[in-house]
Every structure is written in C-alpha cells, then in structure tokens.
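> Have a look at this prediction, sequence included:
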Amino acid sequence: MTSVAGILRVAIAAPVSTPFDYSAPVGLDGPTPRPGQRVLVPFGRGRRVGIIIAMPTASPVPAERLKPVMAILDDEPLLTENDLGFLLWAADYYRYPLGEALFSALPTRLRRAVPTGSGGRQGWRLTSQGRAGCPETLARAPKQAQVWERLRGGSGAVPSSELTADLGDCSAALRALARRGWVEPCRIAPCAVAGERSLADHGPVLNPEQRAAVEQVRAAFGRFQPFLLDGVTASGKTEVYIRLLDDLLAAGGQALVLVPEIGLTPQLGRRLAARLNAALVVLHSGLPDAEREEGWRRAVRGEAGVLLGTRSAVLVPLPRLGLVIVDEEHDLSFKQQEGFRYSGRDLAVRRAQLAGCPIVLGSATPSLETLANVRSGRYRRLPLAQRAGGAGSPTVGLVDIRAQALQAGLSPRLLECIERELTADNQVLLFLNRRGFAPLLTCHDCGWISGCPRCDARLTLHRSSHQLRCHHCGLVRVPPVRCPHCGGPDLRALGQGTERIEEMLSRRFPGLPVARVDRDSTRRRGDLTDLLNAARRGEFRILLGTQMLTKGHHFPGVTLVGVLDADSGLFGTDYRAPERMAQLLIQVMGRAGRAERPGHVLIQTRHPDHPFLRVLLRDGYPAFAEAALAERRTAALPPFSHQVLIRAEASEAALAYDFLRAAARAAAVPFRDQVVLWGPASAPMERRAGRWRAQLLVQSPRRASLRGFLDHWIPVLKGLPTPARVRWAIDVDPQDMT
DNA sequence: AGCACGCCGACT
DNA sequence: GTCGGCGTGCTC
C-alpha cells in the first residue's frame, strides 16, 4: 500500500473487471477531479476513456507506477455518487466489466474522448473572422459554404444536431472552417421545456379499485415499496399510472416508466403527454444517437419530468427520481440477452430501493418471480379485477384441429367464425407466432429439408422477398428451383407463416383489407405505428400478426381473436415455456371485445386436453400461476432457487465442453453443499451461426450462497487455461436457455 | 479490447 | 539461418 495525494480510481472502458488507479494531474489547470467525471488515461501503450469512481487515499499499486491522468473530460460529473453506486452494484451483480457497465449508461458519443462543458448542447458559431469572411473564398468548398450560410442565417450559435438535420453530416466541413478560424464550437444553454397538457383533461373517473391502488402507492411516496398492479387486460392500469405520475410531478419528482418494447412507446407517450403537465422524454435504442443524447441530457439535468423508455432507460441517471413504473413486467424483453445481461425490471426494483421511492410493476399476467415476492410479503398486490368501461370478458373456445381439413392452417370452424364477424362489420385478429411464408422447404422426392448450414434450424421461406432465411443467424439464400440433393423438381413449402395466411385470406376474401403485422412488414421506423393507427381507425378488417400485435395495443373494433397454433408453447424444452405460453394466450385473448361489443376467442390446438391449457382456460391465469408456482417449489426451480448460467461456444463442440468441464471441476469443495452444478450440457440450439454451444447451470436455494460461490469461482474460471477460440459468458438469472 | 512477448513452419 | 503464425498475459 502506498500513500499518495490525489489518487483517482478509474473504471476503464475495457473488458476488465477491476478499476485502475491513476494519480491526479498536478499543476494542470482544468476542473478539479471528482467521482463521476470522465477522464482520458494512458492504458497499455494506448489511451482509454474512463470514469472516476472513487478518490482513495491509498492504492495497492506503488506510487511510482501510478501514471497521471491525461485529461479530465467533463467540468461536472456526468454521474452522481448515487448513480455510480447503482451502476457498480449492477456490474457486480451481473458480473460484467465495471467500465463497460458504466458506459452503457451514457450516450455513445460520451464513450469517446469528446470533452463536455457544464451543460447545454454542443453547437457551433461564427467567429468575428468568420462573420467578416466572404463566400467567394468558399467557391470550391460547397459544403463549407452551406454550413457558413446556415450559421450566418441563424441567430448566434446553431446546435450540431440541427446542422446535421438540415445539411447532413457536416463534420468535415466544420473541421475545415475551424482550421480557417471562421467557426468555433460552443455550448448552447437549454431552453426550458414547458408541459403540454392539452386542455383541462382530467381523464375518466376512477373505479374504486383504481382509486385504492392510487391511494396505496401515493401513501408510499418517499420510501421504497414495490407494488404489483395486478390488473386484468383493459382494467385501466394506464389510468392508475397517469394519476400517480401527475401527483409525483406536482410534488417536483421525476419518474421512470419502462415498457418492454420500442413499439409501445409512441402510444403510451402520446397518452402521457396529453395528460401530464411535464416534459416527457422518450429513450430507446431505435432513436438516432443525437436524439438519444439530447434526451439523456434532459433526463440527467432534471428537466424531464417523465422518462419513458425500454430497458436501457433504467440506467439513465435521474436526480430527483421519485417513482418507477414497469409496465408488462412479466415480459422477457426486459432481460438483455447479450453483453451486459441485466434485467431492466430487476434493476428498476434495485433503483427504486436506492432512490427510496415506490415502484409499480404492472401486468395482467404477472411473472412467477413477482407473484412469489407478493406471497413473501416483499411486494404489495394492488388488484384491478374489473374491466374498465364495463366490457365483458370474452368467451373462449378450443378448436381441436386433429383430423381436420385445414386451409393454410385455419380450421373450418375458425373460417366460419371469421366470415360471420366480417359480415357483421366487425374486426378479426389472428395470431400466429411465425413470420415468413413457411417454416421450411422440402423435396417431395428425396426428403431434403432446407436446413441452415450454420445452425440447428430450418431456413424459413419468405416468398414476397423470394428468400430462404435463417431466423437465428441471419443467413439469406435464393430458394432453389430444383432439389439441391437429388435434383427433383417437386419442392414444397411446409407449414404456415404469416405471409401464407395473408395470401390465403386474400384468396378467400378477395378485396378485404388485411393488415399483416410482423418484423418483416414493419422494417422501417414508424411502420408499426402507422399500421396500428390505421388498424385502430378500422381501415383493416383482419389483423394478422406475431407477438408484436399482442403487446398492449388496443383495437376497439376487434370482436374475434383466433390463435392459430397454441401448441408450440406446450412442449418447449425450457421449464418456463408453459408460463410464457399462458402469458401470451391471456395477452392475445385480451385484445378481444374491449369496447361495447362482446368478444370471442378461438384457440386451435392438437392437444385440447393438455392440463396447462385446461387449467388456464377453465380457472384463469391466477390459478394457472398458482399451480405453476407449486410445481416450481417441488422441483426447487426459480423463483424458489437462483440460477447462473455459464455459456460457452467454440468452433468445435468438444472445446466448449472441455472448458465447461474444467470449470465444473474448478468448483471448490467447500461450496458443494450450497450450490448444485448441472451439466455441462449442449445448449437447446447446439449449433448457431457456425459455432457449437454448451452451457453449465449453477443453482442454489440461497442467493447469498450463489454470490459467495461466484466470488470464489469466477476468478478461478478466468485463470483457467482457455482452449483456443472458446468464448464464454456469465448469465445471472437467465431467462432463456437457448 | 489492444498489443505486446514468445515459441514452431516456408522463404531470401 | 530469418519472417511471421496467433496462443497467453498484462495494462494502474
């Protein structure tokens, strides 16, 4: 241990799990170093951006080996001590490199060594030399001339984002003009953003359950308390959120609202903006970088009253956080599936705890984890059992499609019902969780199947784009005209995808407007919103789509919901498959009969007697969940135990296995009675994108035991002689075993 | 992650 | 005899 004045402990943007110590620059003028500021530091023979996480008085590294930081990049800390505490906790919990976890909370530009001033937006203005400059000298530099004109036309400084929006990328031109001394970068002070409450819109009158829910959460303002807003579809959860947000904003707090998918932000955003007297900021990965950065700044400076976003928004610093809302909390999209594998929902709970504020988890189909927390008394349940607006629950029928003459997967009974609803001028929603035309192509002569050469999967036929595509590795091929194996001419597309259903419907009901909603039909930004709006206006008679269509969208004119294939979820390898299937079915069923017209749901299955389906449809989701929880308890599965998955992949299967076997052997004896190791076993999809994948599951009834074990085990794993080309990663609380 | 250092095959 | 393959280890 050495003692030196001015040690900076820095988390570096590199895949290392420990911070590095540097000495503070002495005699260098500039901002005083403080935790939360970014620094530029020498690292190896290069340089790195890092974030000061602490200023210790002593370092384990000898003073003479401490290098001085090269620059302090921010005048003011970007992250407060609280933000740092939260993010460092998250990095530790999910065993992810410190610096990378911290930088994932910052806009991408700030991951590079660009300095920032103390606030405001980055902009450019003319120097006195530039104002006096004559355009003739720019005759041969049209882009520079454009930029110069734009800056001269504006009053004072122009934000970079505006320049880019008007003129495209002008960074090169700006650099050239700066060299001439005509322009200089500057900061532009933010202008206050006013609330946009449309009228004196106070919304509908709350029913007693909604009022009770609002009251309970409001009573918890200012302290940590998780709530489960357990509301059947159409029970008015959003209205409860709005009242709570309104109250919190009136008290001067900031709120964080998380939704599982980008597609849900426009709709909820519009509703919140219309009703709340505060600036709303929307953040998700679908926005351009500049826009994200601007939103991030408004959130961090406290200008945003409400931050609405997808899981990554949980990492954004909010100085006056007073309420967290996680809508559709059961949704698996909250778990990041690569890199920093955090759960947005679980981190939201931790954040609320650190901020000392209530958190509301909303769902019609709560996750078993959350239900277990309700039972243990950690979370408080706020039931909303009544459908708002007096809509009745839909009637549900199972259609046994064994030995039925199907038309593109639709049974006669379903077709009949569709026809009846169409005649009555109603809308129909059909759900099939498979995009493309057909999930495989096969040769009728020799039995060849369109397998992916890089994955254990079939190539899906996309007929409109004339492609065979692998949905797992992205491989694209032109469909063969003759069998690649035997040369036979009789290639057949087997099975149903949304494209094929669409084609069948257009043949069966010529001229009928059908909206297909899947990842292929909503490629571009705004496509989904446009389609959904048109659907809501009644421009389509049939809505056909994948999961996309089921998540939180309202279609008041839909009176019939058809589930084309309920069986795919019944026999999954994952123990969570039934839970997911149940949530999906309940969610899709909730799309029917939301307005004054009663709804019907028809579910096609080849297993009408399957116990899961029967319990779910006869007794409802709560009964299903209770049975599922009982089974989990018996089997000692989550939420009654805790898991960590080590995933390994390599160009050869044996390499991944060897690594995991060595990893299992390296688990020290003292932990053997606290944790159980399962495997190594091959991943459910063993080959993916040309790599062989295996995994090792670690399980313990006690979270603390598991953490203690990992503290010991992970350093050992890192020291293991890793066979060539083996990539491995740790997944804490894995949600998906694929 | 970079980028070194460090031991085994085809070339002036 | 060297140039260079990428395997292993370090960076305050």
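On my side now, so go ahead. Residues are numbered from 1 along each chain as shown, chains lettered A, B, ... in the order given.
> what about the residue of the stretch 351-500 of chain A found nearest DNA strand B, helix or strand, and which?
Nearest to DNA strand B in the stretch 351-500 of chain A, going by CB to the nearest atom of the strand, is A:C473, at a distance of 20.1 Å. The way it works is simple: take the backbone N, C-alpha and C, and place the C-beta from them, glycine included. Using DSSP states H and E, A:C473 sits within no helix or strand.
> what do you get for A:H712?
Short version, using DSSP H and E: A:H712 is in helix A:703-719.
> by contact count, what packs against that helix?
Applying 3 or more CB pairs under 8 Å, 6 or more residues apart in numbering; DSSP states H and E, we find helix A:703-719 packed against strand A:642-650, strand A:691-700, strand A:727-732.
> now it: how far from the chain's centre is it?
28 Å (CA atoms, centre = their mean, to the nearest Å).
> tilt between that helix and strand A:642-650?
20 degrees (axes from the mean of the first three to the mean of the last three CA atoms, to 10 degrees).
> Excluding chain neighbours, give the residue nearest to A:G302 in space.
Excluding the flanking residues, the one nearest A:G302 by CB to CB, 6 or more residues apart in numbering is A:P319, at 4.7 Å.
> Settle this for me: A:L167 is touching A:Q146, isn't it.
Yes. If you go by CB atoms under 8 Å, A:L167 and A:Q146 touch, sitting 5.5 Å apart.
> Between the two, which has more neighbouring residues?
For A:L167 versus A:Q146, the count of surrounding residues by other CB atoms under 10 Å is larger for A:Q146: 17 against 14.
> pLDDT of the host helix or strand of that one, averaged?
Assigned by DSSP H and E, A:Q146 belongs to helix A:142-153. Averaged across helix A:142-153, pLDDT comes to 82.
> From the contact counts, what lies against that helix?
Applying 3+ CB pairs under 8 Å, 6+ apart, one finds that helix A:142-153 contacts strand A:121-126, helix A:128-132, helix A:160-167, helix A:171-180, strand A:183-188.
> angle of that helix against helix A:160-167?
Compare the direction of helix A:142-153 with that of helix A:160-167 by the same axes, to 10 degrees and you get 120 degrees.
> So which residues make contact with helix A:142-153?
Applying CB atoms under 8 Å, 6 or more residues apart in numbering, the contact partners of helix A:142-153 are A:124-126, A:130-131, A:133, A:135, A:138-139, A:158, A:163, A:166-167, A:170, A:172-174, A:176-177, A:182-183.
> Which secondary structure state is assigned to A:S682?
strand (DSSP: H, G, I helix; E, B strand; the rest coil).
> Which strand residues bridge it?
A:A694 (DSSP bridges).
> how many neighbours does it have?
Neighbour count of A:S682, defined by other CB under 10 Å: 16.
> Could you do A:D331 as well?
A:D331 has 26 nearby residues by other CB under 10 Å.
> which residues touch it?
Contacts of A:D331 by CB under 8 Å, 6+ apart are A:P260, A:E261, A:K551.
> Among those residues, find me the one that's closest to DNA strand C.
Set against DNA strand C, the nearest of the contacts of A:D331 by CB to the nearest atom of the strand is A:P260 (35.5 Å).
> Quick check: the closest one touching A:S333?
Yes. In this structure, A:P260 is within contact of A:S333 by CB under 8 Å, at 4.0 Å.
> of these two, who's got more company?
A:P260 (22 against 19).
> Would it be right to say that that one lies in a helix?
No. Counting by three-state DSSP, A:P260 is not part of a helix but coil.
> so how far is DNA strand B from it?
29 Å (CB to the nearest atom of the strand, to the nearest Å).
> Over to A:G50?
For A:G50, the distance to DNA strand B (CB to the nearest atom of the strand) stands at 12 Å.
> now swap in A:E329 and tell me
Distance from A:E329 to DNA strand B, by CB to the nearest atom of the strand: 33 Å.
> Spatially, and excluding backbone neighbours, which residue is closest to that residue.
A:L361 is the one closest to A:E329 (CB to CB, 6+ apart), at 3.9 Å.
> ok, now A:E293?
Closest to A:E293 by CB to CB, 6+ apart is A:P107, at 3.8 Å.
> who touches the residue nearest to A:E329 in this structure?
Going by CB under 8 Å, 6+ apart, the list of residues near A:L361 reads A:P226, A:F227, A:L228, A:L229, A:V326, A:E329, A:R345, A:V349, A:T370, A:Y379.
> phi, psi of it?
phi -100, psi 120 (degrees, to the nearest 10).
> What number of residues are in the vicinity of A:E215?
There are 13 residues near A:E215, going by other CB under 10 Å.
> if we can go back for a sec, counting neighbours, which of the contacts of helix A:142-153 end up buried?
Using 16 or more other CB atoms under 10 Å as the burial test, the contacts of helix A:142-153 include A:124-126, A:130, A:133, A:138, A:158, A:163, A:170, A:173-174, A:176-177, A:182-183 as buried.
> hang on, A:V675 packs against A:R707?
No. At 10.3 Å, A:V675 does not count as touching A:R707 under the criterion of CB under 8 Å.
> So these two - more neighbours on which side?
A:V675 (21 against 17).
> got the contact list for the more buried one?
A:A667, A:V698, A:Q699, A:S700, A:S705, A:L706, A:F709.
> What count of nearby residues applies to the residue nearest to it when sequence neighbours are not counted?
Residue nearest to A:V675 in three dimensions, not counting chain neighbours: A:S700, with 4.4 Å by CB to CB, 6+ apart. Neighbourhood size, A:S700 [other CB under 10 Å]: 21.
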